[in-house]
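**Q** Predicted coordinates and the sequence they were generated for:
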Amino acid sequence: MTREQIRSDIFELLKKTAPETDPTRLGPDENIREALNIDSFDALQFLVAINEKMGIDIPEEDYGKTTTLKSLTDYLELRSKAGN
Amino acid sequence: MTDFKMPSLGADMEAGTLVEWRKKPGDLLQPGDIIAEVDTQKGLIEIEVFEGGILDKYLIEVGDKVPVGTPMASLRPEGTTGVPAKEVKEQVHPIQEKEKPEEAQATEHSEKVNIPSKEKLSEEKSFKDKPSEETSSEEKLSEEKHRIKISPLARTIAEKNRLDLSGITGTGEGGAIIKADVEKAMAAKKEEKHEETLEKKIEEQVPERPVKEQKTTEPAAAGISPQESIRKAVAAAMSLSNREIPHYYLEKRIDMLKALTWLKETNQQREISARLMPAVLFIKAVAKAIDSAPALNAVWENGLQLKNEINIGFVVSLRSGGILVPAIKNADLKSTDEIMISLNDIIPRARAMRLRSSELSESTITLTSLGENGADKVFGVIYPPQVAIVGFGSIIDEPVVQKGMLAFRPVVHVTLAGDHRATDGLTGSRFLEALNNHLQNPETL
């Protein structure tokens, strides 16, 4: 999966979670949940959706690595390269 | 024979608009079956029946907006046959003043009668796609209308009585239908029960019927957005609460170390889709703590009425503003896994404003949880007629003194707002203490 693909998947799933927002306008280091007003339940559902779409199961201890667009993209790129 | 009535989905609901029947006359209904879909301030709600029986007749039509308590359909016990139309007529309750002339006819209608008029159809289309056949039949119907020659007076009478025009032979000039023809046809109709023809005839007439009611307070019709309508519902309920309920407030800080450790361990062994959230533990702990203070699981309606079932109303905030409070039913009997499944089902449906009637009307106590990174404490406003709301702030690290030593621990500030007419602070205090004990033993939840 290329970085571009990962980003476009993230945008698509964020748009589903927060339909009235424009995730593509997120700054790379902005806190996604705060910027898009996503609560705990939707945050979990977003990670479940990532798992379903990309086949990457993010363990709970890694949730902290998924808070910004940049860190989430880095994390998913790394995990997908690791064959996950 | 019993009537199925427009249910109240909370102290703030006054009326509902029938959008769709899900069952038809003759269908056997089991308790819990969804009989209809109704548009309310809280979205499109699936209405369930609470007792079984056979759906005998519809008493209102699609598009009708009726107050809470209005009979919507009559049910008869299983194994009985329908009673003659005449008897039914006497049992029909007045629904709306202006509907009275139509009501007697309504007893003879079958489901097809309830085809919405053009106006109503277009409103419905904004909710969901309708089968295309309805559109084509609608076109056919308006053609029909133009072919019939009829005097204005006769048309008015026929429309008022929903009389089929195509079946009437006109005796007026050029074969036009006149008043006498219409009256004759009405008399004939009363004597005979032509169920099938009637269905067809009335269907054909629908486009000619005057629009019965301009739904000035109904969201889709009046251009009120769902956000505005939900805001109004919240405003009504909370104003009522503030006006009538003397609240008392208690707060307890609860150490969450054990609960979070247990949660972490159990979640490590689970796939992401099966992981539990802290809210699940809160819900189960509240349900169990009610054992120590049953008077908090109650409603205040002419005095305190304790409830046997523990149905926890879980506050769901909508993205566009406003809240809905669907119930997690029998939360005390559900495992933590089952509660998580309930949340996964109920939260997205609440956000989409697609809940069932029982989910909105059967809560016995409310729980509000701010989740992560929110305020430390929340002091709730009781949702009438309930008598208590439990508020969970965000879990935060705080210094805690334990066994004479200072330590940092994850804690949650839990508040209880109680109705002082119903209970006293001592009851509330006992409840919070029990809640703490349960959260210190997460493995037993």
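**A** Received the coordinates, thanks.
**Q** For the residue of chain B found nearest chain A, which non-adjacent residue is spatially closest?
**A** Across chain B, the shortest distance to chain A (C-beta to the nearest C-beta) belongs to B:G371, at 3.5 Å. For every residue, glycine as well, the C-beta is placed using N, CA and C. Leaving aside its sequence neighbours, B:G371 sits nearest to A:S40 (C-beta to C-beta, 6 or more residues apart in numbering or on different chains; 3.5 Å).
**Q** and chain A, which residues reach chain B?
**A** Proximity of chain A to chain B (C-beta under 8 Å from any C-beta of the partner chain) is limited to residues A:18-20, A:33-34, A:37, A:39-41, A:43-45, A:47-48, A:51-52, A:57-60.
**Q** of those, buried ones?
**A** Neighbour-count burial (16 or more other C-beta atoms under 10 Å in any protein chain shown) applied to the residues of chain A next to chain B gives A:18, A:33, A:39-41, A:43-45, A:47-48, A:57-58.
**Q** Those in helices, which ones?
**A** A:33, A:40-41, A:43-45, A:47-48 (DSSP state H).
**Q** any weak-confidence spans in chain A?
**A** Applying pLDDT under 70 to chain A picks out residues A:83-84.
**Q** in it, which residue is closest to the centre?
**A** In chain A, the centroid-proximal residue (C-alpha atoms, centre = their mean) is A:I10; its distance is 4.9 Å.
**Q** Next up, identify which helix or strand it is on.
**A** Element membership of A:I10 [criterion: DSSP states H and E] is helix A:3-17.
**Q** Take that helix, keep the C-alpha atoms, and write them as CSV.
**A** Output of helix A:3-17 as CSV, limited to C-alpha atoms (Å, rounded to 0.1, in the frame of the first residue of the first chain):
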residue,chain,number,x,y,z
ARG,A,3,1.4,6.4,1.3
GLU,A,4,-1.0,8.0,-1.0
GLN,A,5,-3.4,5.1,-0.9
ILE,A,6,-3.2,5.1,2.9
ARG,A,7,-4.0,8.8,3.1
SER,A,8,-6.9,8.5,0.7
ASP,A,9,-8.3,5.5,2.8
ILE,A,10,-7.9,7.6,6.0
PHE,A,11,-9.7,10.5,4.4
GLU,A,12,-12.5,8.3,3.2
LEU,A,13,-13.1,6.6,6.6
LEU,A,14,-12.8,9.9,8.5
LYS,A,15,-15.4,11.4,6.2
LYS,A,16,-17.7,8.5,7.1
THR,A,17,-17.2,9.1,10.8
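**Q** Same question for that helix: list its buried residues.
**A** In helix A:3-17, counting by 16+ other C-beta under 10 Å, buried: A:6-7, A:9-11, A:13-14, A:17.
**Q** Could you dump the buried ones among the residues of chain A next to chain B into JSON lines with distance to B:K258 added?
**A** Shown next, in JSON lines, are these (distance: C-beta to C-beta, whole Å):
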{"residue": "A:A18", "distance to B:K258": "34"}
{"residue": "A:R33", "distance to B:K258": "26"}
{"residue": "A:D39", "distance to B:K258": "25"}
{"residue": "A:S40", "distance to B:K258": "20"}
{"residue": "A:F41", "distance to B:K258": "23"}
{"residue": "A:A43", "distance to B:K258": "24"}
{"residue": "A:L44", "distance to B:K258": "22"}
{"residue": "A:Q45", "distance to B:K258": "27"}
{"residue": "A:L47", "distance to B:K258": "25"}
{"residue": "A:V48", "distance to B:K258": "26"}
{"residue": "A:D57", "distance to B:K258": "26"}
{"residue": "A:I58", "distance to B:K258": "25"}
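**Q** Great, nothing more from me.
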